[in-house]
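Peer 1: coordinates for the following, if possible.
(chains A, B, C and D)
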Protein chains: 2
Amino acid sequence: MSHGHAEPDLAFLSADTARSVAETMQALATPSRVRILSRLGAGACSVGELARAVEMEQSAVSQQLRVLRHLGLVVGQRDGRQVIYALHDEHVRALLAETVSHTEHLRLGLAARPSRAPARRRPRRPTRASVAS
Amino acid sequence: MSHGHAEPDLAFLSADTARSVAETMQALATPSRVRILSRLGAGACSVGELARAVEMEQSAVSQQLRVLRHLGLVVGQRDGRQVIYALHDEHVRALLAETVSHTEHLRLGLAARPSRAPARRRPRRPTRASVAS
DNA sequence: GCAACATATGAACAGCAACTCATGCGATGA
DNA sequence: TCATCGCATGAGTTGCTGTTCATATGTTGC
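Peer 2: Purely as a prediction, here's the structure:
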């Protein structure tokens, strides 16, 4: 493998795009929402059932559902007295699945890596060369 | 290419797994880190260069780099006086790319969706049936 | 109409995290 | 060794956000 892989096609994101991405990913940045989403990934259900599943107060669950709704990740539909929530679409499920997958992968790498501040790299008597311009 | 996205295989995540996922995704939950990562996605560079690129103080960038290091997303290596940072591996690049892609997709859906609280669904005189058990 | 249930929402509080400032530590060159 | 550069780090501050509590809105059955 003589070189890098395919191209990045990851240019710097504009400040605005970065803000948008961050906003969306914040939905997955808290355990409660991740659990809510993963429960919904297993099938639609009411708020009360959701609250029992994730072991949170109904009130708290509703608050988070509101956030997820505004982010377009879930949808709710009344059915009698209750409201049945579900993932918005398959894209959300895919995002969740990939996120979990990537996280597991990263977790493995972490076990072997102390990840301290970087230490010296060049010999004590440098050739007095290079460095990035 | 290994991952088929066939069925869900998304069971409820354990509270612990959810915490782990949330922790990792928090790296992408702030504009500054997203920009830092996207800059690194375009190529490794020093801290100072990074600071200029994302328009943050060097101090702040270092703080965030520490977070990203501990999460195993980036690696740093001394080169003379400076430290060159890079994405940890291709997986990170992929995660970033997918994240951006999904976000764009969700953004589109948002435009057409007010996403208010759910309204009624069944007729005024329901058949008095069903509902989720 | 009223009572009971299911959910949503507003306010207040607590914890956390991102930034700035100041300083420490490592590396280079004279 | 000393001065300087580059980066890391600790303390302190501010703003945000997740939770709880109390209450409002909506729905059903009587």
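Peer 1: residue A:14 - how many residues pack around it?
Peer 2: By other CB atoms under 10 Å in any protein chain shown, 11 other residues sit near residue A:14. C-betas here are computed from N, CA, C, even on glycine.
Peer 1: what values do phi and psi take at it?
Peer 2: Here is the backbone geometry of residue A:14 (degrees, to the nearest 10): phi -70, psi 160.
Peer 1: name the helices or strands packed onto the host helix or strand of residue A:67?
Peer 2: Taking DSSP states H and E as the definition, residue A:67 sits inside helix A:58-70. In terms of contacts (3 or more CB pairs under 8 Å, 6 or more residues apart in numbering or on different chains; DSSP states H and E), helix A:58-70 is packed against helix A:31-41, helix A:47-54, strand A:74-79.
Peer 1: ok, and the closest non-adjacent residue to the residue most central in space within chain A?
Peer 2: For chain A, residue A:28 is the residue whose C-alpha lies nearest the centre (CA atoms, centre = their mean; 4.2 Å). Spatial nearest neighbour of residue A:28, chain neighbours left out: residue B:25 (4.1 Å); criterion: CB to CB, 6 or more residues apart in numbering or on different chains.
Peer 1: residue A:35 and DNA strand D, how far apart?
Peer 2: From residue A:35 across to DNA strand D, the span is 9 Å (CB to the nearest atom of the strand, to the nearest Å).
Peer 1: enumerate the residues of chain A near DNA strand D.
Peer 2: Counting by CB under 7 Å from any atom of the strand, the residues of chain A lying close to DNA strand D are A:26, A:29-32, A:56-57, A:59-60, A:63-64, A:67, A:78, A:80-81, A:116-118.
Peer 1: just the helices and strands packed on helix A:58-70: most buried one?
Peer 2: helix A:31-41 (a mean of 24; mean count of other CB atoms under 10 Å in any protein chain shown).
Peer 1: before we move on, the earlier item: got CSV for the helices and strands packed on helix A:58-70, with mean pLDDT and distance to residue B:104 too?
Peer 2: Below are those laid out as CSV (pLDDT from 0 to 100; distance: least, CB to CB, whole Å):
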stretch, mean pLDDT, distance to residue B:104
helix A:31-41, 97, 19
helix A:47-54, 97, 28
strand A:74-79, 96, 19
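Peer 1: of all the ones you listed, which one comes closest to residue B:72?
Peer 2: Proximity to residue B:72, assessed across the helices and strands packed on helix A:58-70 by CB to CB, is greatest for helix A:31-41 (18.5 Å).
Peer 1: quick one: residues in contact with the closest one.
Peer 2: A:27-28, A:45, A:50, A:53-54, A:56, A:60-61, A:64-65, A:67-68, A:73-74, A:85-87, A:92-93, A:96-97, A:100, B:8, B:10-13, B:15, B:18-19, B:21-22, B:25 (CB atoms under 8 Å, 6 or more residues apart in numbering or on different chains).
Peer 1: and the closest residue to residue A:89 other than its chain neighbours, what's its pLDDT?
Peer 2: Excluding its sequence neighbours, the residue lying closest to residue A:89 (CB to CB, 6+ apart) is residue B:109, at 7.7 Å. With respect to pLDDT, residue B:109 scores 74.
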